[in-house]
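J.: Just need the structure, nothing else, for what follows:
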Amino acid sequence: MTKRIKYQEGDIISIPLTNGKTAVCKIIFAPTGQLKQVIGCTVIDVQHVLNLEILNLQEYISINSNPRNTNCFFTGNQFVKNGNWTVLGTSLLSEKEKAMQKFIYACQLYYNEELIRNANEEDYSKFPTLNVMGFALVDQILTRL
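T.: So this is what the prediction gives:
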């Protein structure tokens, strides 16, 4: 039986990429309710050699995902839970990171797992839509950074 790795919001994870680099990301969304199989991450750095000194950075790499650039992506939690993506450490979420927890899902605006209201036209230009990317797509996007 494989050991399940526990994770939480604020965890810093390393994602090995097919181009030999490693993406260092921070989990900013780790729901426990109906979306519990999804995580939201922001990219801190992509590098050839893992350098833990970057863990204190507060800048994020913009991810070019249609229809606009965003600072976070959503994917499944399976690779964190099974240890393929290693948890390096944890830190509290900054106010900027907490603001990234607003997203649109099923035409509704959420803050973390809390429904705020139905999304309006302006919301679609301000907040990311929770589109869960497969692991191959995550790799494709991160290898281009």
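
J.: from here on, contacts and neighbour counts on C-alpha atoms
T.: OK.

J.: In this structure, where is pLDDT below threshold?
T.: Scanning the chain for pLDDT under 70 picks out 1-2, 49-69.

J.: can you give me the strands in it?
T.: Ranges of strands within the chain are 11-16, 22-29, 38-47, 63-65, 68-70, 73-76, 86-90, 102-105, 108-111, 114-118, 132-133, based on DSSP state E.

J.: what number of residues lie near Phe123?
T.: Check again: residue 123 is Asp, not Phe. Residues near Asp123, counting by other CA atoms under 10 Å, number 17.

J.: In the beta-sheet assignment, what are the partners of Val43?
T.: Cys25, Ile61 (DSSP bridges).

J.: Might one say that it is in contact with Cys25?
T.: Yes - Val43 lies in contact with Cys25 (CA atoms under 8 Å); the separation is 4.4 Å.

J.: quick one, which of those two is more surrounded?
T.: More crowded of Val43 and Cys25, by other CA under 10 Å: Cys25, with 26 against 23.

J.: which residues touch that one?
T.: 12-15, 41-45 (CA atoms under 8 Å, 6 or more residues apart in numbering).

J.: Quick one: those as TSV, columns for distance to Gln140 too.
T.: Below are the contacts of Cys25 laid out as TSV (distance: CA to CA, whole Å):
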residue	distance to Gln140
Ile12	20
Ile13	17
Ser14	16
Ile15	12
Cys41	15
Thr42	15
Val43	14
Ile44	17
Asp45	15
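
J.: what's the closest of the strands of the chain to Ile5?
T.: Closest to Ile5 of these, according to CA to CA: strand 86-90, at 8.6 Å.

J.: Report the buried residues of that closest one.
T.: The neighbour-count check on strand 86-90 (16 or more other CA atoms under 10 Å) flags 86-87, 90 as buried.

J.: Return the set of residues that bridge with the closest residue to Phe135 other than its chain neighbours.
T.: Leaving out its chain neighbours, the residue that sits closest to Phe135 by CA to CA, 6 or more residues apart in numbering is Thr75, at 7.1 Å. Beta-bridge pairing for Thr75 (DSSP bridges): Ile39, Met133.

J.: For Thr75, list the residues it contacts.
T.: 38-40, 131-135, 138.
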